[in-house]
Every structure is written in structure tokens, then in C-alpha cells.
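*Asks:* quick check, what structure comes out for this input:
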Amino acid sequence: MVNFLQAFWQATRPRTYPLAVAGIIVANALAYSRIGSFNSKNWQIFLLSLWVALGLQILSNLANDYGDGMRGTDAHRLDRQTAQGTINPKTLKKLIISWALFIFGCGIGLLWLSFNSLTDFSPS
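*Replies:* Residues are numbered from 1 along each chain as shown. Next comes the predicted model:
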């Protein structure tokens with residue numbers, strides 16, 4: 001029997017994590033090669049952008065598991081947690097909403113850190 005934490009971990013589909021962060025790593029490597037070095041703020045932006053990209057990938061995977069499980073699309077797949085009944089759909093939906101709000105906040109924090117303030121987005 002799979003416990004909830006194991007089922008949740010499997011629903012996040014860790015094998016997709018490298019794809020989520022690859023673009024961030026490449027873009028920051030390019031930035032580093034152009035700048036020549038990173039200061040503390042650059043490293044903070046890099047790490048937070050990695051976290052946000054990973055968090056969005058996890059959100060996507062959880063939402064996919066939930067949606068396909070509810071529609072019955074993944075009933076034949078043993079690696080899908082909602083379809084197999086190892087995660088209660090209502091519990092997963094609450095987790096998805098909470099995770100989405102958390103990652104949204106992290107994304108706002110990334111924008112704030114990157115642009116010093118959100119007024120950079122206002123029309124001149």
C-alpha cells in the first residue's frame with residue numbers, strides 16, 4: 001500500500017523536473033557568460049527562477065493527474081495516482097489550489113526581485 005506522501009511524490013512526476021529547469025539553467029549560463037560573474041542578487045534570481053519553474057512543472061503534473069483521473073483517461077495507467085485511487089480527488093484539488101497560490105506568490109516575488117519594484121510594468 002502506498003502512503004499519501006509517496007503517492008503525492010509520484011503524482012508530481014519527478015522525472016519531468018530536469019526538463020522544467022533546463023531552460024533556466026541554459027539562460028542563466030548565457031547571462032553569466034555575458035556578465036562574467038554573478039552578484040548576490042543574480043544568484044537569488046537564479047535560484048528563485050529555478051524554484052518557480054520547478055513549482056510550475058509540479059503544478060502542471062498534479063493538475064494533469066487530477067484532470068485525467070477525474071475523466072477516466074488514465075484508468076489503465078498504474079503510475080497515475082488519482083485514477084488508481086491512491087490520492088483522494090478532493091484532497092488533491094485542495095493541494096493543487098494551495099500549491100498554485102504558493103507558486104503564484106513565488107512568481108510575484110521573483111518579479112519584484114528582478115525588477116526592483118512592480119512599477120517597472122506600468123505604462124510610461
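*Asks:* residues in contact with L59?
*Replies:* 96, 99-100, 103 (Cβ atoms under 8 Å, 6 or more residues apart in numbering). All C-beta atoms are positioned from the backbone trio N, CA, C, and that covers glycine.
*Asks:* which residues touch the residue most central in space within the chain?
*Replies:* A centroid search over the chain (Cα atoms, centre = their mean) returns G55, at 1.7 Å, as the residue closest to the centre. Shown in contact with G55 (Cβ under 8 Å, 6+ apart): 99, 102-103, 106.
*Asks:* most surrounded residue in these?
*Replies:* I103 (19 neighbours; other Cβ atoms under 10 Å).
*Asks:* can you give me the buried ones in the strand or helix carrying that one?
*Replies:* Secondary structure assignment for I103, by DSSP states H and E: helix 89-115. Buried residues in helix 89-115, counting neighbours by 16 or more other Cβ atoms under 10 Å, are found at 89, 92-93, 95-96, 99, 103, 106-107, 110.
*Asks:* same question for stretch 3-18.
*Replies:* Within stretch 3-18, the residues that count as buried by 16+ other Cβ under 10 Å are 7-8, 10-13.
*Asks:* of the residues you listed, closest to N42?
*Replies:* Nearest to N42 among the buried residues of stretch 3-18 is T12, at 28.2 Å by Cβ to Cβ.
*Asks:* surely that closest one and N61 touch.
*Replies:* Yes: counting by Cβ atoms under 8 Å, T12 does reach N61; the two are 5.5 Å apart.
*Asks:* which of the helices and strands in the protein ranks last by mean pLDDT?
*Replies:* Ranked by mean pLDDT, DSSP states H and E, the weakest helix or strand in the chain is helix 81-84, scoring a mean of 64.
*Asks:* I'd like the buried residues of helix 89-115 as a markdown table, with pLDDT and distance to N39 appended.
*Replies:* Formatted as a markdown table, those follow (pLDDT from 0 to 100; distance: Cβ to Cβ, whole Å):
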| residue | pLDDT | distance to N39 |
| --- | --- | --- |
| P89 | 83 | 46 |
| L92 | 85 | 40 |
| K93 | 90 | 41 |
| L95 | 91 | 36 |
| I96 | 92 | 36 |
| W99 | 96 | 31 |
| I103 | 97 | 26 |
| C106 | 97 | 21 |
| G107 | 95 | 22 |
| L110 | 93 | 17 |
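*Asks:* thank you kindly, that will do.
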